[in-house]
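Engineer: Sequence first, then the predicted structure:
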Amino acid sequence: MIQKVWSNPMLRFLITGGFAYLVWIVLYKFYLEEHTLLDEWVIDRIVRTAEFIMTLVGFDLTEFGDGVFKNHLGVAGSKGVTIGAPCNGIVLFALFIVFILAFPGSWKNKLWFLPVGVFAIHVVNTFRVIALALIVVDHPEWLAFNHDYTFTILVYAFVFLLWYLWVNHFSPMKQEKA
């Protein structure tokens with residue numbers, strides 16, 4: 001019975017991916033979130049990169065706080081946006097990594113695709129934060145909807161697109177069906 005279940009690639013993916021994601025949740029909740037500055041560091045990278053990009057294209061920004069880590073971004077004259085741990089993209093990184101590790105494919109390809117994918121997700125998330133900071137300037141009432149729906153759908157769709165690329169271009173399962 002176990003051999004039959006394990007020989008089905010989709011069931012193997014679901015079991016392996018589900019177990020790996022469960023391990024990630026436990027590791028994150030009981031160690032990384034409580035005993036490291038991972039969330040703060042990632043949020044700081046998002047804010048500082050967004051500030052650089054926005055300043056580069058001519059926006060005047062408001063300085064928020066003077067702590068070691070930044071978590072707030074805003075155009076001068078607006079209240080800006082605060083980035084919290086749920087919005088820093090770490091869960092998306094983990095989800096993407098679990099998808100790729102659990103799905104068949106060569107380790108040679110996984111070793112370059114994983115960091116490229118995580119970086120791409122981080123870039124997309126940074127532009128999401130920039131867009132939200134710009135929305136707040138003229139239409140603060142639109143922030144909640146765009147944060148909760150528009151950009152959530154877009155970012156998750158991007159992660160799905162990366163997984164789709166993996167499945168269709170780097171997975172041996174694609175070649176088996178051809």
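Structural biologist: Ah, there it is.
Engineer: residue ranges with poor pLDDT in this protein?
Structural biologist: 66, 174-178 (pLDDT under 70).
Engineer: swap the cut-off to 80 and go again
Structural biologist: 1-7, 9, 65-67, 173-178 (pLDDT under 80).
Engineer: now the strands: where do they sit in it?
Structural biologist: Along the chain, the stretches classed as strands by DSSP state E are 72-73, 81-82.
Engineer: Count residues in the vicinity of the closest residue to Thr16 other than its chain neighbours, would you?
Structural biologist: Nearest residue to Thr16 in three dimensions, chain neighbours excluded: Ala102, at 4.2 Å (CB to CB, 6 or more residues apart in numbering). For glycine as for every other residue, the C-beta is placed from the backbone atoms N, C-alpha and C. The number of residues packed near Ala102 is 17, by other CB atoms under 10 Å.
Engineer: Now do Ala102 against Phe145, distance only.
Structural biologist: Computed as CB to CB, to the nearest Å, the Ala102 to Phe145 distance reads 33 Å.
Engineer: ok, now Leu38?
Structural biologist: Distance of Leu38 to Phe145, given as CB to CB: 29 Å.
Engineer: Settle it for me: which of these two has more neighbours?
Structural biologist: Neighbour count, other CB under 10 Å: between Leu38 and Phe145, Leu38 has more, with 15 against 12.
Engineer: what helices or strands is the lengthiest helix in the chain leaning on?
Structural biologist: The single longest helix within the chain, with elements called by DSSP state H, is helix 107-138. When contacts are defined as 3 or more CB pairs under 8 Å, 6 or more residues apart in numbering; DSSP states H and E, helix 107-138 sits against helix 38-56, strand 72-73, strand 81-82, helix 90-102, helix 143-145, helix 151-169.
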